[in-house]
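J.: just coords:
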């Protein structure tokens, strides 16, 4: 993640951005800190990317790269205002020991337009990422890349119109896609959760799921019931100030998917679950903390730490202490 220290809306590169609309940088930072605290409270490791002066959108970390199996497919931004962010991300990966890194030839905006499921990499195009980058990503990752055409400028990135929940389970807003792409999604994901126009407009699909908990905007309350019916627990977060720049939970979060050890049998499945929820021993149950973000943080403090120790524990994790058990980090966030 990347703290919104330099967050402003001083230009417009998507329909949500209005330089004439007042922005409260302190509130944006407070809301972002709450999201980070939620990740830490639920056992995730959060790596921090240093913010760079003059790059106000660096808070949207998802756009800086796509990481699958520890391999990094870098970004090449479509707009001049953000192109320097790509170098900042690449430098972070270099300094943190990632050696298998692709500097792309064609325009792509990281996890903004690449969504990773168990079977495919779903890839958006139409407003930012180009179709040529899809072939480039497929060659690098060696995984099938499914191109999807975005047609509504409000949903300029794939991660504003579609979210991966678990495995090959997704939720999406059909009207954000071309008729052909809607048909592809219906064929690949016949049981997908389909969002309403209201929940999509609240950025409810700009969500992060760890396999159990779904972190999403508090305003997208229409998704809470359907998610619970499918066995997930929605965790509502208020990032309304960052939405003024066209981003929410997922935009703020790059997922650092580590290599999964090649094991056979039940241990392999347990290991996969632990990899997607850092700090959890293979085969151990994952506790689900329910309610609004404030309730989750309060419950986590009571359940996981001695009285008065929650704040210091979270600080240690953020400063590099990592999740228990020494597992690789799940989430890192940067400009988006």
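T.: Everything's here; your move. Keep in mind that what you see is a predicted model, and the values were worked out from it rather than measured.
J.: which residues touch residue 79?
T.: residue 13 (C-beta atoms under 8 Å, 6 or more residues apart in numbering). For glycine as for every other residue, the C-beta is placed from the backbone atoms N, C-alpha and C.
J.: show the backbone phi and psi for residue 68.
T.: Torsion angles at residue 68 (phi, psi; degrees, to the nearest 10) stand at phi -130, psi 120.
J.: any idea how far it is from residue 36?
T.: Separation of residue 68 from residue 36 (C-beta to C-beta, to the nearest Å): 23 Å.
J.: likewise for residue 136?
T.: Residue 136 is 32 Å from residue 36, where distance means C-beta to C-beta.
J.: kindly report the same for residue 221.
T.: Residue 221 sits 22 Å away from residue 36, going by C-beta to C-beta.
J.: the helices in the stretch 101-250 of the chain, which residues?
T.: In the stretch 101-250 of the chain, the segments counted as helices under DSSP state H, counting those that start in this stretch are 131-141, 179-188, 197-201, 224-229.
J.: now render those as TSV, adding mean neighbour count, distance to residue 54 and mean pLDDT.
T.: Shown next, in TSV, are the helices of the stretch 101-250 of the chain (neighbours: other C-beta atoms under 10 Å; distance: least, C-beta to C-beta, whole Å; pLDDT from 0 to 100):
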stretch	mean neighbour count	distance to residue 54	mean pLDDT
helix 131-141	18	26	97
helix 179-188	14	36	98
helix 197-201	18	31	98
helix 224-229	15	38	99
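J.: nearest to residue 5, of those?
T.: Nearest to residue 5 among those is helix 197-201; the distance by C-beta to C-beta comes to 28.3 Å.
J.: which elements pack onto the closest one?
T.: Using 3 or more C-beta pairs under 8 Å, 6 or more residues apart in numbering; DSSP states H and E, no helix or strand is in contact with helix 197-201.
J.: give me the residues contacting that helix.
T.: Under the criterion C-beta under 8 Å, 6+ apart, residues 154, 155, 160, 161, 173, 175, 176, 205, 220, 221, 222, 223 lie in contact with helix 197-201.
J.: please name the nearest non-neighbouring residue to the third one.
T.: Just to be clear, that refers to residue 160. residue 206 (5.4 Å; C-beta to C-beta, 6 or more residues apart in numbering).
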